[in-house]
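A.B. asks: have a look at this fold, sequence not included:
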């Protein structure tokens, strides 16, 4: 079969309606899909399903966040063979360990967004557009931008390394069944991401919309994108749009601890709902994967904090973020187990029942850190702004002296991002865009083993720093084999 593998997800959209009860639409390449969305209520149902797809275990529900931390040097594994340690060891090839579920799940999300946008455009062309439909259009454009941003970082080189290199196929409308799109450049993908975000922003509300994207989520994503492009002035403008709105308020040190047991709290700009009766992944959830071995029956201790992260967190023994950590299996005093995604030590999630917590995709703390980084990297650095924004988060470590315009450095911002955003899927992508060497805590593995699939330290020139185009996709779309990432062969 020579149809592109991502087209399988078009049929998956229809299947989701029967197994999940959320999506009730036909494949977007069928004639019936043209009439499956006729008003804002229909579009809202599809948007609900799209948010569910983002929260799946193959995406923000677990795997994508694990990828961003397991590879970034702040995570370690205590033993091999428990599952997902291939992320840590970079045990990727075209045919095995290729994490192809990222590709299929993310294109599933893109195709759902495309179907929404196509049908909304037809409704608007017929003169039946509404404010509610426009809002969903803005959400679909922003979601598509977010997914493409994640895809291009998995499969393409960093923008500030080689923007002319291959990114991912740009699919912006429902595909014909015979289509076999090829990879666009990293720059072209980023250009489309910025366009979608720019087009979507004015359509979105400036009020909180729990579980969905609003104007400020759009701007926070845009700030992320601009930082990866080294467009610091633009990143600062986008971040300050969020900050100065005062719609979102940073946690105090007291409520930082309890925030993980609170859904849709004061910092959450974009948070994916996870409910016991709908999207709770149970033992397959992110929270379960970060528990120490035998914390509860069946917990295997997949990942824990590295020595490097613990040393960083211990810069201030009074750092409030230590309160969300638990001791790991290596000792009764090493606090390397993260309890964010079970709601803290009570392990009652954020609904008061034993279930997974919502996934906080974007918090305002991250926006302050982005603003600090952008201000410090302007052509003429604004160190006053940079230190002011950094100190909003640095205060989580009350014994550390506040940063000042005299002494602020990128290292301080980098350390603060590590401590604040631990286990939220950012570290690896940060290290790549900063062009930093990543060191892995391999000596922590017990009993000691050799890791033949990477060195103890890597940088972004290592060919496995990005994933291979998976074998299933090549089989379905043979021409893309000629665009395989260097080092992986065809």
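C.D. replies: Perfect, I can see it now. The structure displayed is predicted, hence computed values, not measured ones.
A.B. asks: what about this protein, any weak spots by pLDDT?
C.D. replies: 1-35, 279, 490 (pLDDT under 70).
A.B. asks: could you rerun that using 90?
C.D. replies: 1-36, 81, 83, 173-180, 275-284, 297-300, 351-356, 446-449, 489-490 (pLDDT under 90).
A.B. asks: any idea how far residue 148 lies from residue 170?
C.D. replies: According to Cβ to Cβ, to the nearest Å, residue 148 stands 8 Å off from residue 170. Backbone N, C-alpha and C define where each C-beta goes, glycine included.
A.B. asks: so what's in contact with the two at the same time?
C.D. replies: When contacts are counted by Cβ atoms under 8 Å, 6 or more residues apart in numbering, the set common to residue 148 and residue 170 consists of 189, 192.
A.B. asks: would you mind measuring from residue 300 to residue 181?
C.D. replies: Going from residue 300 to residue 181 by Cβ to Cβ gives 39 Å.
A.B. asks: try residue 473
C.D. replies: 11 Å.
A.B. asks: which of these two has more residues huddled nearby?
C.D. replies: Neighbours were counted for residue 473 and for residue 181 using other Cβ atoms under 10 Å; residue 473 has more, 22 against 17.
A.B. asks: related to what we said a few turns ago, so residue 148 and residue 170 - more neighbours on which side?
C.D. replies: Comparing residue 148 with residue 170 by neighbour count (other Cβ under 10 Å), the higher total belongs to residue 148, at 27 against 18.
A.B. asks: tally up the residues packed near the residue nearest to residue 397 when sequence neighbours are not counted, please.
C.D. replies: In space, and not counting its chain neighbours, residue 397 is closest to residue 316: 3.7 Å by Cβ to Cβ, 6 or more residues apart in numbering. Other residues near residue 316 come to 16 when the count uses other Cβ under 10 Å.
A.B. asks: pretty sure residue 316 is touching residue 395, no?
C.D. replies: No. In this structure, residue 316 is not within contact of residue 395 by Cβ atoms under 8 Å, at 10.5 Å.
A.B. asks: list the contacts for residue 102?
C.D. replies: Residues near residue 102 by Cβ under 8 Å, 6+ apart: 58, 59, 63, 64, 67, 151, 154, 467.
A.B. asks: could you identify the buried members of the residues you listed?
C.D. replies: Buried by 16 or more other Cβ atoms under 10 Å: 58, 59, 63, 64, 67, 151, 154, 467, out of the contacts of residue 102.
A.B. asks: any chance of the residues you listed in JSON lines, with distance to residue 416 too?
C.D. replies: As requested, the buried ones among the contacts of residue 102 are exported to JSON lines (distance: Cβ to Cβ, whole Å):
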{"residue": "58", "distance to residue 416": "30"}
{"residue": "59", "distance to residue 416": "27"}
{"residue": "63", "distance to residue 416": "26"}
{"residue": "64", "distance to residue 416": "23"}
{"residue": "67", "distance to residue 416": "22"}
{"residue": "151", "distance to residue 416": "28"}
{"residue": "154", "distance to residue 416": "25"}
{"residue": "467", "distance to residue 416": "28"}
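A.B. asks: helices - which of those residues land there?
C.D. replies: Cross-referencing those against helices under DSSP state H gives 63, 64, 67, 151, 154.
A.B. asks: the fourth one and residue 195, how far apart?
C.D. replies: When distance is defined by Cβ to Cβ, residue 151 is 16 Å away from residue 195.
A.B. asks: cool, and the third one?
C.D. replies: Using Cβ to Cβ, one gets 26 Å for the distance from residue 67 to residue 195.
A.B. asks: ok, now residue 45?
C.D. replies: Counting by Cβ to Cβ, the gap from residue 45 to residue 195 is 27 Å.
A.B. asks: picking that back up, which one of the buried ones among the contacts of residue 102 is nearest to residue 141?
C.D. replies: Relative to residue 141, the closest of the buried ones among the contacts of residue 102 is residue 151; by Cβ to Cβ it sits at 15.7 Å.
A.B. asks: in contact with the closest one: list those residues for me.
C.D. replies: 102, 103, 106, 107, 167, 168, 189.
A.B. asks: next: residue 322.
C.D. replies: Applying Cβ under 8 Å, 6+ apart, we find residue 322 in contact with 313, 314, 335.
A.B. asks: what's the burial count for the second one?
C.D. replies: Burial of residue 314 is recorded as 12 neighbouring residues (other Cβ under 10 Å).
A.B. asks: distance of it from residue 399?
C.D. replies: With the distance defined as Cβ to Cβ, residue 314 ends up 11 Å from residue 399.
A.B. asks: wait, is residue 362 part of a strand?
C.D. replies: Yes. Under DSSP: H, G, I helix; E, B strand; the rest coil, residue 362 falls within a strand.
A.B. asks: for beta bridges, what are the partners of it?
C.D. replies: Beta bridges link residue 362 to residue 270 when assigned by DSSP bridges.
A.B. asks: that one contacts residue 222, correct?
C.D. replies: No. Contact status for residue 362 versus residue 222: not in contact, 11.0 Å apart, counting by Cβ under 8 Å.
A.B. asks: comparing the two, which residue is more hemmed in?
C.D. replies: Counted by other Cβ under 10 Å, residue 362 and residue 222 do not tie: residue 222 has more neighbours, with 28 against 25.
A.B. asks: so that one makes contact with residue 190?
C.D. replies: No. Using Cβ under 8 Å, residue 222 is not in contact with residue 190, being 11.4 Å away.
A.B. asks: hmm, back to that, between the contacts of residue 151, which has the most around it?
C.D. replies: The most crowded member of the contacts of residue 151 is residue 168, carrying 28 neighbours; neighbours defined as other Cβ under 10 Å.
A.B. asks: what separates it from residue 59, distance-wise?
C.D. replies: Here residue 168 is placed at a distance of 15 Å from residue 59 (Cβ to Cβ).
A.B. asks: try residue 320
C.D. replies: Going from residue 320 to residue 59 by Cβ to Cβ gives 30 Å.
A.B. asks: same question for residue 375.
C.D. replies: With Cβ to Cβ as the criterion, residue 375 and residue 59 are 32 Å apart.
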